[in-house]
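Q: structure of the sequence below:
(one chain, ligands or ions: 1)
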Amino acid sequence: MSGHDVKTAEVIVLKDGEAVAQHMAHWLLEQALAKKDGPFVISLSGGTTPKRLFQILAEPDIAARFPWSNTQIFYGDERYVPTSDPASNYTMSRETLLDHVSLPLANVHPMPTDADPETDAARYQKELQAVYGANELQPGKPLFDVVMLGMGPDGHTASLFPRQPVLKERTKWVATCTPDNAPHTRLTLTYPAIHSSRHVVFLLEGAGKAEMLARVRKGDDSLPSCHITSEGDVTFLIDEAAAQDL
Ligand SMILES: O=C(O)[C@H](O)[C@@H](O)[C@H](O)[C@H](O)COP(=O)(O)O
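A: Numbering: from 1, shown residues only. Next up is the predicted model:
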C-alpha cells in the first residue's frame, strides 16, 4: 500500500449532506462485507456531521445486511465527560446507531472517561492493542480498516488541535489534549494510530468547512488536519458547499 496524505487525497463532491451520508453508509457496508481476513475495524468521528450517517446505518435496509458481529467499533476522540453528558461522542453514536442495531457489546469500544485522562488514554491504547494483536504498530498491518474524520473551524481533526503537544506524539496510539479555551479535556487517536489504516475518510459538510479545506489541500502545515496520512488512502467526501473554495 502506498501512503497517501491530504494533498494526494481523492476529493468526492456530492450535492448535500444527505448525499454524503448515503454514499458513506453504502461504502462502509461494502467495505465491511468485503473484509474476510479478520474483523472490520472502524474508528468513528465525533461532532455533529456523522449523526445522519449513523442514522442511515441503523436503517433496516443497511443494518440488516451489515456484518455487525465481525465489526469492531472504536472512536477517534472523545470529550472527557461522563457518558451522561450531551457532549459525549459515544453517547451520540449510541443514540443514533448502536442502540438500534444488533452489535455485540464486546465489539463497541468507547473511550473511557471515568478515571483520569492519562490513565484512560493508556487503557484505551491497551484495548486497541488487544484487538490489533500486538503492542507495536506494524507497517503493512493496519490497525484500522477505516478511520472517519471530521474537521473543525481551526483545522483540527479528531482532537488533534493547533499548538498542542499531542501533535508531536509519535509513539503513543492514544493521548490527551486540552485545546486552548476548551470546556473539556479530550482523548484522541494520535497521528501514528490514524496513519495505521487502509482508508481515512474526511466527511465534511457545509460552507463553514470550505476555507479550512482549501487551506489543507494547499498544504497549510499550521493546520493539524494537514498532517493526516494513511498507509492506504485518504479521501475527502464532501458536499458542494464545503467544496466552494477548492
Ligand atoms: O469530538 C469532536 O468534536 C470531533 O471528533 C471533531 O474532530 C469533529 O469531527 C470536528 O470538530 C467537526 O465537528 P462537526 O461535525 O460538529 O462540524
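Q: contacts and neighbour counts: CA atoms only from here.
A: Will do.
Q: looking at this structure, which helix is longest?
A: Counting residues, the longest helix found in the chain (DSSP state H) is helix 17-34.
Q: what pLDDT, on average, does the following helix or strand past it get?
A: Beyond helix 17-34 on the C-terminal side, the first helix or strand identified by DSSP states H and E is strand 40-44. For strand 40-44, the mean per-residue pLDDT is 98.
Q: alpha carbons only: can I get strand 40-44 in PDB?
A: C-alpha atoms of strand 40-44 as PDB (Å, rounded to 0.1, in the frame of the first residue of the first chain):
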ATOM      1  CA  PHE A  40     -13.700  -4.900  10.200                       C
ATOM      2  CA  VAL A  41     -12.200  -2.300  12.500                       C
ATOM      3  CA  ILE A  42     -13.500   1.300  12.200                       C
ATOM      4  CA  SER A  43     -12.800   4.400  14.200                       C
ATOM      5  CA  LEU A  44     -15.900   6.700  14.300                       C
END
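Q: just give me how far it sits from the chain centre.
A: 8 Å (CA atoms, centre = their mean, to the nearest Å).
Q: contacts for the longest helix of the chain next, please.
A: Outside helix 17-34, the residues that touch it by CA atoms under 8 Å, 6 or more residues apart in numbering are 14, 40, 50, 52-54, 56-57, 62, 65-67, 71, 203, 205-206, 237-239.
Q: hmm, try it at 7 Å
A: Leu14, Phe40, Arg52, Leu53, Ile56, Leu57, Phe66, Pro67, Glu205, Leu237, Ile238, Asp239 (CA atoms under 7 Å, 6 or more residues apart in numbering).
Q: quick one: the residue nearest to the second one when sequence neighbours are not counted from Ala122, how far?
A: Spatial nearest neighbour of Phe40, chain neighbours left out: Thr71 (4.7 Å); criterion: CA to CA, 6 or more residues apart in numbering. Remark: distance between Thr71 and Ala122 (CA to CA, to the nearest Å) = 23 Å.
Q: the more surrounded of these two?
A: Thr71 (20 against 17; other CA atoms under 10 Å).
Q: which residue sits closest to Ser222, ignoring its sequence neighbours?
A: Closest to Ser222 by CA to CA, 6+ apart is Pro162, at 7.3 Å.
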